[in-house]
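1. coords below, sequence missing:
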């Protein structure tokens, strides 16, 4: 007999919170646990995030521009007559303009089972570094804030078990991880997807090499996986889906590795090294003259020498989605413009009325 009738919604919610804090899994009636993970997608504006997500979920539906932050979920059964694992999926729209919304999917309740996917548009290399840098900084800052909050909360409980649960959420690398002492692992599992490879492969080979080697460096520096893909390639999308399913459902991501810059990169975390990547590809610039503060800054300066990043004025995006041309609705926009004019006229009339009252008094 279900106990639901005697429980209030708040009691059920409290039980769910206690359950998540104790491990993030819940039991079905048969005693089997259901795994719940969260995946947060962010990246280049119009970079193909939604299309990639739909393909990874086997959903045959047209993709639409993501407005601000959108949520969906995926479910997958481990076998016949077994409970389905759940993946909570968040997608951030607007490129870098709405990066402050990272606080919604990255919370104390989600970070223990959270992964991040960064989608970078390979067809727009002049916006790539800026997009990558701003979004990863925003996500990392929020993760560190959440870790700090969780540690303070657990310290209040003074329980050693709880303190361990917070620490284990951070990205802890094995002792034999390549360049372990030289890299700065992202706080949670990170997958970098280079999208629109079908366009990128037509680029000059020298420019492809710069982008490929730079993203290899960034991925290895953050202990992330890296894959280049195109929704026009069934083979690449199949491999991309394997990486996605590894994060969303804990499935095997496969053992394919491809680090040849003349081909789509497929590099699982831990299968690359700085010695394999080599130094930044430069032909017409003296590295010693760049005055870099650290290796990452050096790669940034070399990359921006080849691909000057768009100025802040060019990158500035509309904070108000209602004014974004990609969401235009002619009839609604015309009515909105009319109402805006009426509002401005009302303000002017009101201002005149107040001035008249002041004069009379």
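-> Done, it's in. No experiment lies behind these values; they were computed from the predicted model shown. Numbering: from 1, shown residues only.

2. show me the contacts for residue 218.
-> By Cβ atoms under 8 Å, 6 or more residues apart in numbering, the residues touching residue 218 are 132, 192, 224, 296, 299. In this view, the C-beta of every residue, glycine as well, is placed from N, C-alpha and C.

3. please repeat the previous calculation with a cut-off of 10 Å.
-> 118, 120, 128-129, 132-133, 136, 190, 192, 224, 226, 296, 299-300, 303 (Cβ atoms under 10 Å, 6 or more residues apart in numbering).

4. just the buried residues of those.
-> 118, 120, 128-129, 132, 136, 190, 192, 224, 226, 296, 299-300, 303 (16 or more other Cβ atoms under 10 Å).

5. what's the most distant pair in the contacts of residue 218?
-> Spatially, the most separated pair among the contacts of residue 218 is 190 and 303, at 19.0 Å (Cβ to Cβ).

6. flag the shaky bits of the stretch 101-250 of the chain, pLDDT-wise.
-> 158-171 (pLDDT under 70).

7. before we move on, the earlier item: from the buried ones among the contacts of residue 218, which land in strands?
-> 118, 120, 190, 192, 226 (DSSP state E).

8. any idea which of those residues is closest to residue 330?
-> Of all those, residue 120 has the smallest distance to residue 330: 32.9 Å, by Cβ to Cβ.

9. which residues are in contact with that closest one?
-> 43-44, 47-48, 127-129, 131-132, 135, 192-196, 211, 215, 218, 226, 228.

10. list the contacts for residue 240?
-> 52, 55-56, 117, 191, 193, 195, 227-231, 233, 264, 266.

11. okay, helices next: where are they in the stretch 201-350 of the chain?
-> Under the criterion DSSP state H, counting those that start in this stretch, the stretch 201-350 of the chain contains helices at 205-221, 234-249, 274-277, 295-306, 312-315, 330-360.

12. residue 91: which of those helices is closest?
-> helix 234-249 (12.5 Å).

13. out of the contacts of residue 218, the closest to residue 206 would be?
-> residue 303 (13.0 Å).

14. show me the contacts for residue 197.
-> Neighbour list for residue 197: 122-123, 227-233, 236, 263-265 [criterion: Cβ under 10 Å, 6+ apart].

15. how close does it sit to residue 213?
-> Per Cβ to Cβ, to the nearest Å, residue 197 is found 16 Å from residue 213.

16. ok, now residue 96?
-> Distance, residue 96 to residue 213, using Cβ to Cβ: 23 Å.

17. got it, and residue 206?
-> As defined by Cβ to Cβ, residue 206 lies at a distance of 11 Å from residue 213.

18. the two: who's more crowded?
-> Counted by other Cβ atoms under 10 Å, residue 206 and residue 213 do not tie: residue 213 has more neighbours, with 21 against 11.

19. list the contacts of that one.
-> Contacts of residue 213 by Cβ under 10 Å, 6+ apart are 259, 261, 265, 277, 278, 279, 280, 281, 299, 302, 303.

20. between the residues you listed, which sits nearest residue 72?
-> The closest of these, once distances to residue 72 are taken by Cβ to Cβ, is residue 265, at 27.5 Å.

21. against residue 131, how distant is the closest one?
-> The value you get for residue 265 to residue 131, if Cβ to Cβ is used, is 18 Å.

22. number of residues surrounding residue 210?
-> By the criterion of other Cβ under 10 Å, residue 210 has 23 neighbours.

23. so who does it touch?
-> 125, 203-204, 261, 280-283, 299, 302-303, 305-307.

24. least confident of those?
-> Within the contacts of residue 210, residue 283 has the lowest pLDDT, namely 66.

25. hey, what's in contact with both of residue 206 and residue 213?
-> What both residue 206 and residue 213 touch, as defined by Cβ under 10 Å, 6+ apart, is the set 261, 281.

26. what's the neighbour count on residue 280?
-> Counted with other Cβ under 10 Å, residue 280 comes out at 22.

27. go on, residue 181?
-> For residue 181, the count of nearby residues is 5 (other Cβ under 10 Å).

28. that one: what secondary structure?
-> Recorded secondary structure, residue 181: coil (DSSP: H, G, I helix; E, B strand; the rest coil).

29. gap between it and residue 175?
-> Look at residue 181 and residue 175: by Cβ to Cβ, they are 10 Å apart.

30. any idea how far residue 100 is from residue 48?
-> 23 Å.

31. tell me which of these two has more neighbours.
-> residue 48 (22 against 9).

32. nearest spatial neighbour of that one, skipping sequence neighbours?
-> Residue nearest to residue 48 in three dimensions, not counting chain neighbours: residue 195, with 4.2 Å by Cβ to Cβ, 6 or more residues apart in numbering.

33. neighbours of that neighbour, how many?
-> By other Cβ under 10 Å, the residues close to residue 195 number 27.

34. go on, residue 189?
-> Quick note: residue 189 (other Cβ under 10 Å) scores 19 neighbours.

35. now it. Its backbone dihedrals?
-> phi -50, psi 130 (degrees, to the nearest 10).

36. now it: closest residue in space, sequence neighbours ignored.
-> Once flanking residues are discounted, residue 189 sits nearest to residue 115: 4.3 Å by Cβ to Cβ, 6+ apart.
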